[in-house]
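# would you be able to build a 3D model of this:
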Amino acid sequence: ARRLSSPVLTEAALLALGGSLLGVVVGLLAVDALTSLFPNAIPLARREGLSWPVALMLLGATAVTGLVTGIAPAVHAARTPPGEVLRESSRASAGRRTFALRSALVAAQVALALALLSGTWTLLRSLAHLTAASPGFDARGLAAGRVSLSDVPYEKPAEQRRYVHAMHEHLRAAPGVEAAGYTSGMPLRQWSDFSFTVEGQPEPPPGQKPIAQVRRFGGDYLAAMKTALLDGRAFTASDTEGAPRVALVNRRLAEQHLPHEAVGAVLVMPLLPGRKAERITVVGVVEDVREVGFDHPVQAAIYLPFDQLPSSNVDLVVRAASPALGVSALRTAAEAVDGSQPFTTVGPYEDIVRESLADRRFAATLLGVFAALGLGLSVLGIYGITAYAVAQRTQELGVRLALGADEGSLVRLVLGGTLRMMGVGLAGGAVLAFALGRVLAATVPMLEPWDPIGMFLVGVALLLTGLLSSYLPARRIARLELGHALRTE
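Model (predicted):
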């Protein structure tokens, strides 16, 4: 028994060790490639490279897996009497239990492959939608800068307004500048949330007031951002201190809370934390902007005139013929108005958008690579075990040939068995994929529970693999000489 089991275990251990070492080499190359393609997405990997403790742990896990998978055939070989082995090899088939076990393995592999690859496809589609979503503004040709005004001499709101107005005039007059504006915070960078109510609507229960993101802007901010005004009017020079409180709202807030008529509605909310709530009249509706990020759904937003509520922290935005011209205009204006104030140039806003999407694009690339590898391994595994199972039936099929079966009937017989086996696997995989999709949808924002197109494509690929892996050896056996087919073991 030991003579029979030792070679099997040795072969399994060598295969596991060889695969592990190859995996480490591929891992080293993959880390270098990924850090070159996405230098900012995984800074830790760029600095430290492959984690050797993790690699050693995976080497050990792979070795244990190889030994575990080698124990079953080794024990089977050691416990099977030689006479039974000889009788089995002389029969027309490899034995019902062995054939059933192989069929179950193929069905299980098909089910797992369908579930995992369908889940990966769903994640990839979700990431693709995120990266392709419109942010609600045009980042091309956009440049931004930020200034934090000191308490002296900009402690009072009037002085803060004077500074931003002077900056706005300098930027509008700069060569190559198409539009310029100022805001309390640029999209994708920072935001503030406030609760509000709508005058004339029932008062919500305590703690259940609607929430909206609140920003302030002025100048030609909408034109600079190329954010569309859908209804009403934009802010004007008359919307300043002492004028009636006005606001713009985004499409989402208008649809959710002002479905009948947004323009003219009155919102009740505090303008700053800790202040008393005030009445604010909605004068316009603008297109939705992804203020928080691409991986968050668009939320309700309220925009207030900066001149009615100025701040010492100001973001200035410029749309110019090129981002370089915009950056130059920002620096020149900041130096001309008051060079003593700490002014930071953000640079081309396309870089901000690209940076906000870097993690998602990296995740999409990584998932795509893993999905391709997973599909390749699944195809190889299903093809190998199915083709081997058909080859083990060579004697059985030879007997059928001797009894008068033709090539077509043999191929149909084999393909019918494979279809039943694949059907069981695909049905089980569909159930697993749906359950996995529900789990992913509960943990990943804006993710559909499942993608029928992805499941269909993966299922077709696996089904074609199974049929091809049965058809080729079945046709080869059907074309063998009868004597050779009957002698094959």
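
# quick one: residue 278 and residue 268 touch, right?
Yes: Residue 278 is within contact range of residue 268, at 7.3 Å (criterion: CB atoms under 8 Å). Every C-beta, even on glycine, is put in place using the N, C-alpha and C of the backbone.

# mean confidence for stretch 346-357?
pLDDT averaged over stretch 346-357 equals 78, rounded to a whole number.

# which of the residues in that stretch are buried?
Counting neighbours by 16 or more other CB atoms under 10 Å, one finds that the buried residues in stretch 346-357 are 346, 347, 348, 349, 352, 353, 356, 357.

# give me the subset of these lying in strands.
Secondary structure from DSSP state E places 346, 347, 348 of the buried residues of stretch 346-357 in strands.

# could you list the low-pLDDT ranges of the stretch 1-150 of the chain?
Applying pLDDT under 70 to the stretch 1-150 of the chain picks out residues 1-6, 8, 34, 37-50, 72-99, 131.

# let's go with 50 and repeat that
Within the stretch 1-150 of the chain, the stretches falling below the threshold (pLDDT under 50) are 1, 44, 89-94.

# all strands of it, in order?
Residue ranges of the strands in the stretch 1-150 of the chain, as given by DSSP state E, counting those that start in this stretch, are 142-148.

# and for the stretch 151-300 of the chain?
According to DSSP E, counting those that start in this stretch, the strands that the stretch 151-300 of the chain contains are 177-183, 192-195, 197-198, 211-219, 229-232, 246-250, 266-270, 277-286.

# mind giving me a markdown table with those and columns for mean pLDDT, distance to residue 306 and mean neighbour count?
Supplementary listing: the strands of the stretch 151-300 of the chain in a markdown table, determined by pLDDT from 0 to 100; distance: least, CB to CB, whole Å; neighbours: other CB atoms under 10 Å:
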| stretch | mean pLDDT | distance to residue 306 | mean neighbour count |
| --- | --- | --- | --- |
| strand 177-183 | 93 | 6 | 23 |
| strand 192-195 | 84 | 14 | 15 |
| strand 197-198 | 92 | 24 | 18 |
| strand 211-219 | 92 | 4 | 23 |
| strand 229-232 | 94 | 17 | 16 |
| strand 246-250 | 96 | 12 | 26 |
| strand 266-270 | 91 | 17 | 18 |
| strand 277-286 | 94 | 14 | 18 |
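
# do you know which of those strands lies nearest residue 338?
strand 177-183 (14.5 Å; CB to CB).

# who are the contact partners of the residue nearest the centre of the chain?
To find the centre residue of the chain, average its C-alpha atoms and take the closest one (CA atoms, centre = their mean): that gives residue 127, at 3.2 Å. Applying CB atoms under 8 Å, 6 or more residues apart in numbering, we find residue 127 in contact with 360, 361, 363, 364, 367.

# can you redo these as TSV with secondary structure?
As requested, the contacts of residue 127 are arranged in TSV below (DSSP: H, G, I helix; E, B strand; the rest coil):
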residue	secondary structure
360	helix
361	helix
363	helix
364	helix
367	helix
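
# can you tell me which of those are buried?
If you count burial by 16+ other CB under 10 Å, the buried members of those come out as 360, 361, 363, 364, 367.

# next one: the second one from residue 288, what distance?
Between residue 361 and residue 288 the distance, using CB to CB, to the nearest Å, works out to 22 Å.

# and the spatially closest residue to residue 220 that is not a sequence neighbour, how far from residue 226?
With CB to CB, 6 or more residues apart in numbering as the criterion, residue 220 has its nearest non-adjacent residue at 4.3 Å, and that residue is residue 179. Using CB to CB, one obtains 9 Å as the distance from residue 179 to residue 226.

# same question, residue 327
Residue 327 sits at a distance of 18 Å from residue 226 (criterion: CB to CB).

# cool, and residue 351?
Distance, residue 351 to residue 226, by CB to CB: 18 Å.

# again with residue 9
Taking CB to CB as the criterion, residue 9 is separated from residue 226 by 68 Å.

# same check on residue 67?
The gap separating residue 67 from residue 226 is 63 Å, by CB to CB.
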